[in-house]
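Pasted the sequence and its predicted model underneath.
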Amino acid sequence: MNIQRNITQIKASLPEGVTLVAVSKFHPMEALTEAYEAGQRIFGESRAQELKAKQAVLPKDIEWHFIGPLQSNKVKDIAAYIHTIHSIDSLKLVQEVNKQALRHNRTIRVLLEIHVATEDSKHGFSPEEVLAFLANEEWKTFSNIRITGLMGMATFTDDEELVRSEFRQLKELFDSIRATWFPDDPEFSVLSMGMSDDYPVALEEGSTMIRVGSKIFGEREY
Ligand SMILES: *Cc1c(COP(=O)(O)O)cnc(C)c1O
């Protein structure tokens with residue numbers, strides 16, 4: 001894997017205004033350092049412990065994104081520095097993020113994760129659930145979080161039309177939520193969708209942030 005070349009090629013192919021999150025979970029420090037040296041500053045991790053270890057030693061100007069399932073009791077471990085949490089799927093979780101952000105006197109950006117794929121998953125709001133979450137309006141009382149958009153994953157399949165229809169569904173939900181709940185909020189601008197195998201389709205369907213791991217770093221060793 002030539003990490004620097006991969007990053008340069010992906011970045012050059014992105015439309016203006018699209019952000020690349022380099023998903024570095026399970027990859028060693030040296031791989032992240034190589035990406036950093038290629039100019040990459042935004043990294044995505046999915047386990048609190050691993051993130052903590054990497055954050056402690058890597059340069060402080062890295063913008064860390066948390067992209068995996070997050071347990072409430074782990075929020076405190078990442079609250080001091082996390083930039084964006086992509087995997088918010090309950091009121092309880094966002095409440096805890098707010099509480100920990102407050103303790104550190106900072107604001108944490110959060111994305112509401114939406115479940116649109118056909119696979120069963122415990123993670124993510126259904127479209128109905130996210131609308132109920134917003135209508136409840138309790139989130140408006142949380143002073144130290146900012147809801148900046150939505151995140152979603154498509155079904156893991158070769159059926160491009162299925163993937164496309166799921167991304168399209170996410171984009172429609174994003175537009176409708178923005179119009180209803182965030183019409184005057186320029187910060188509600190992130191539609192995080194697209195991974196190594198499906199990001200070109202996600203971009204065609206309106207993604208503004210892609211999360212790419214294996215296309216940059218190679219296969220993960222679990
Ligand atoms: C691991 C992961 C990715 C990156 O996956 P690749 O297929 O390696 O690009 C993106 N998003 C989430 C939520 C992930 O867990």
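Perfect, I can see it now.

Next, find the distance separating the spatially most central residue of the chain from residue 37.
Computing the C-alpha centroid of the chain and ranking residues by Cα atoms, centre = their mean puts residue 86 first, at 3.5 Å. Remark: distance between residue 86 and residue 37 (Cβ to Cβ, to the nearest Å) = 25 Å. (C-beta placed from N, C-alpha, C; glycine too.)

can you check residue 13 too?
20 Å.

just residue 153 next, same as before
In terms of Cβ to Cβ, residue 153 sits 29 Å off from residue 37.

Now the element after whichever helix in the chain runs longest, going C-ward?
Counting by DSSP state H, the longest helix found in the chain is helix 160-181. Following helix 160-181 in sequence order, the next helix or strand is strand 190-192 (DSSP states H and E).

ok, the residue of the chain found nearest the ligand - contacts?
As assessed by Cβ to the nearest ligand atom, the ligand sits closest to residue 213 within the chain, at 2.8 Å. For residue 213, the contact set (Cβ atoms under 8 Å, 6 or more residues apart in numbering) comprises 22-25, 27, 44, 195-196, 220.

One more: residue 94?
88, 110, 139, 142, 145.

Test my guess that the second one contacts residue 91.
Going back to what we said before, that points to residue 110. No. Residue 110 is not in contact with residue 91 according to Cβ atoms under 8 Å; the separation is 11.9 Å.

Those two: who's more crowded?
Between residue 110 and residue 91, counting by other Cβ atoms under 10 Å, residue 110 is the more crowded of the two (27 against 14).

what about residue 11, distance to residue 35?
Applying Cβ to Cβ to residue 11 and residue 35 gives a distance of 11 Å.

between these two, who's got more neighbours?
Taking other Cβ under 10 Å, residue 11 and residue 35 do not tie; residue 35 has more neighbours (23 against 13).

Tell me which helix or strand that one sits in.
helix 29-37.

For that helix, buried residues please.
By neighbour count on 16 or more other Cβ atoms under 10 Å, the buried set for helix 29-37 is 31-32, 34-36.

of the residues you listed, closest to residue 61?
Nearest to residue 61 among the buried residues of helix 29-37, counting by Cβ to Cβ, is residue 36 at 9.1 Å.
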